[in-house]
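# predicted model, plus sequence, below.
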Protein chains: 2
Amino acid sequence: MVPLDPTPDSERRLELPMAGQQRERADAAANRERILCAARQLVRENGPDALTMQAVACAAGVGKGTVFRRFGDRDGLTHALLDDYMREFQEAFLHGPPPLGPGAPPQERLEAFVVELVRLQADNLQVALAAEAAPGHAPGLVYGPVLLHIATLVHEIDPTLDERLIAGFILNAIAPAVLHRMTGQLDADTPKLQDAARSLLRGLTRSCAEPSTA
Amino acid sequence: MVPLDPTPDSERRLELPMAGQQRERADAAANRERILCAARQLVRENGPDALTMQAVACAAGVGKGTVFRRFGDRDGLTHALLDDYMREFQEAFLHGPPPLGPGAPPQERLEAFVVELVRLQADNLQVALAAEAAPGHAPGLVYGPVLLHIATLVHEIDPTLDERLIAGFILNAIAPAVLHRMTGQLDADTPKLQDAARSLLRGLTRSCAEPSTA
DNA sequence: GCTCTTGCGGACCGGCGGTCCGCTTACGCC
DNA sequence: GGCGTAAGCGGACCGCCGGTCCGCAAGAGC
């Protein structure tokens, strides 16, 4: 229906998750960016509860309807925020260098993975909390690949385990809300959190392939 | 006002957290019970989102204000619900027979504790989910003793660990939302969940005090 | 039975997520 | 460059929720 303009490939933005999605108007794209930026700043400075559609719209200098049209609903917005800082992490553990990426033994990969995820979530705590509060955050959207990756590594480490359940336990043990409580109420900083997560994993990673115990 | 006659004083409920709190009027106590019962049924049948103060009041046949006066706010109500099914569990792991109660080695106690907590939360999933969704559910109210207990056991098992962080990880690994996803999206039943939790703990419990590995 | 205190109920409030529709504006064509 | 059109925009609007408040009813003590 609309004349398909080949869109000079100089701007091959990574904005085509959907297949038949046609070009976004320039002002629309600009508004999307402004909204995302405003939302990020808002939640970073005032916590997840401040992530109100109204407040975001106001901070971005657009109307409320615009926010909803760009992101569908509140969950869509938080998901976009989450995606933003998770993307490079996904790239790293899927295709990056070891020990995070392929090439290292699964025990080391799992440990590197968890330690890095703790750091990532601790660094983006407020945004992570907001994303976690979204109701439909579990399924295949962002945590899907993460969960699958953990499960795969667990299976490589010990095929007798129910890797999907174990993966779920591990991922949720270091959920943003948990890290938040620990940094808030206890004197835990990121290295301590990482150490504790390592300790918890050690038993699992040691369950085979380590000849001697301390 | 209603034919509902609750047991007179044969049940000495432990309702004296405040010092100078004087007796509750009979109709007030009856309403408290009706509200609790209605809320429990509501959340069991329709999920945590159905736990609306309005809906609870309506289902209990009282006014909205009454619900608020009895329980303060939404968190107070969910907390009361949580308390209800956690009380006997607390009694069991604090003063009951081993391996849950005192008398068994800490490895066995921790395992028994986690396995039982998984069962308890799986059996009361909807209520547990509702309680978890309450914002201020973390601190010393109900999960405080639970957290402390886990931390104590962890410390006994391996004093070199940061027991508070490890305890937080363990408790949150088996959070209601996690169990909910696993029972919903995977084919996990309670025994499988318990087995998986056991597997995760095994590494920790084996970290000392076990001379030979299988 | 009288009084006083406690409890009750639902109208009310502010704010939220989400929808809708008339106006504006960028885009592609000529 | 001008124009028609469709995409985009904004904020009024809706229903619902948590929480408050105050006039009224009904137990409790005498």
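Nice, thanks for sending it over.
# can we go C-alpha only for contacts and neighbour counts from here?
Noted.
# who touches residue A:81 in this structure?
By Cα atoms under 8 Å, 6 or more residues apart in numbering or on different chains, the contact set of residue A:81 is A:36, A:39-40, A:127, A:131.
# and chain A, which of its residues are near DNA strand D?
With the criterion set to Cα under 7 Å from any atom of the strand, chain A comes near DNA strand D through A:2, A:24-25, A:27-31, A:61-66, A:69-70.
# now, which of those sits nearest residue B:53?
Sorting those by distance to residue B:53 puts residue A:64 at the head of the list, at 28.4 Å, by Cα to Cα.
# so who does that closest one touch?
With Cα under 8 Å, 6+ apart, residue A:64 has these contacts: A:53-54, A:57-58.
# next, format the residues you listed as TSV and append distance to chain B.
Output for the contacts of residue A:64, formatted as TSV (distance: Cα to the nearest Cα, whole Å):
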residue	distance to chain B
A:53	20
A:54	22
A:57	25
A:58	26
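# buried sites along the host helix or strand of residue A:116?
In the assignment (DSSP states H and E), residue A:116 maps to helix A:106-123. Neighbour counts over helix A:106-123 (16 or more other Cα atoms under 10 Å in any protein chain shown) mark A:106-107, A:109-122 as buried.
# what lies in contact with stretch A:44-56?
Stretch A:44-56 has contacts (Cα under 8 Å, 6+ apart) with A:35, A:38-39, A:42-43, A:64, A:67-68, A:74, A:126-127, A:129-130.
# show me the shaky parts of chain A.
A:1-22, A:135-141, A:203-214 (pLDDT under 70).
# okay, the residue most central in space within it and residue B:184: tell me how far apart.
The centre of chain A sits closest to residue A:86, judged by Cα atoms, centre = their mean, with a distance of 3.9 Å. Distance, residue A:86 to residue B:184, using Cα to Cα, to the nearest Å: 26 Å.
# got it, and residue A:146?
Distance of residue A:146 to residue B:184, computed by Cα to Cα: 19 Å.
# between those two, who's got more neighbours?
Of the pair residue A:146 and residue B:184, residue A:146 is the one with more neighbours under other Cα atoms under 10 Å in any protein chain shown, namely 22 against 11.
# residues touching that one, list them.
Here residue A:146 is in contact with residue A:90 (Cα under 8 Å, 6+ apart).
# what do you get if the cut-off is 10 Å, keeping everything else the same?
Each residue near residue A:146 by Cα atoms under 10 Å, 6 or more residues apart in numbering or on different chains is listed here: A:86, A:89-90, A:93-94, A:113, A:117, A:140, A:152, A:167-168, A:171.
# check residue A:127 too.
For residue A:127, the contact set (Cα under 10 Å, 6+ apart) comprises A:39-44, A:47-48, A:51, A:78-79, A:81-82, A:85, A:121, A:133, A:176.
# how about the residues of chain A that lie near DNA strand C?
Counting by Cα under 7 Å from any atom of the strand, chain A comes close to DNA strand C at A:3-5, A:25-27, A:50-54, A:64-65, A:68, A:72-75.
# next step: those residues restricted to helices.
A:26-27, A:53-54, A:64-65, A:68, A:74-75 (DSSP state H).
# can you give me the helices for chain A?
Along chain A, counting by DSSP H, helices occupy A:26-46, A:53-60, A:64-71, A:74-95, A:106-123, A:125-133, A:143-157, A:163-173, A:176-185, A:190-205.
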